[in-house]
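A.B. asks: Next one to model:
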Amino acid sequence: MLQQTAASWTPGVVGVTVVAGTDGTIEVAAEGVWLSDRNGRRLLDVPADLALPEAPDVSADPRHRYTHLEVGPYTRLCEVLRAGVEGFAPSNRVPVPTFADGLACMQVLDAIRTSADADGAVVPIGD
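C.D. replies: Purely as a prediction, here's the structure:
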């Protein structure tokens, strides 16, 4: 399951996400995105259109515990929203998620829960 939260109890959380596949593993960590495969482990370059703005310094103020992690991605989100409101296409190549994307995510999560309840049985995901 993929999740982002600012409510984590983990000290110094950096929002790590790992996606493992048959040909490799992608790991999103504080220093960037890592690819591990038959050729070893390496940090991937960030394409210019996906680079985030400079993050503010880490704050000791509990109200800003995760500001340095969240400002960049939310800046990009707001840029896409603004472009939509003004009638322009988003400037980056990442497609804006749709309702259908959200529905597909919920169907996958439902299938995972159903599979777990059925001792790991394969659960097809419908249209």
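
A.B. asks: Now do the particular helix or strand that has Arg42 in it: which elements does it pack against?
C.D. replies: Counting by DSSP states H and E, the element that carries Arg42 is strand 40-43. Secondary structure elements in contact with strand 40-43, counted by 3 or more CB pairs under 8 Å, 6 or more residues apart in numbering; DSSP states H and E, are strand 32-37. Where C-beta positions appear, they are placed from N, C-alpha and C, glycine not excepted.

A.B. asks: what do you get if the cut-off is 10 Å, keeping everything else the same?
C.D. replies: Using 3 or more CB pairs under 10 Å, 6 or more residues apart in numbering; DSSP states H and E as the contact criterion, the neighbours of strand 40-43 among helices and strands are strand 25-29, strand 32-37.

A.B. asks: So for the longest one, what gets flagged as buried?
C.D. replies: Residues of strand 32-37 classed as buried: Trp34 (neighbour count, 16 or more other CB atoms under 10 Å).

A.B. asks: With stretch 55-69 instead?
C.D. replies: Of the residues in stretch 55-69, those scored as buried under the neighbour-count criterion (16+ other CB under 10 Å) are Arg65, Tyr66, Thr67, His68, Leu69.

A.B. asks: how near is the last one to Thr98?
C.D. replies: According to CB to CB, to the nearest Å, Leu69 stands 26 Å off from Thr98.
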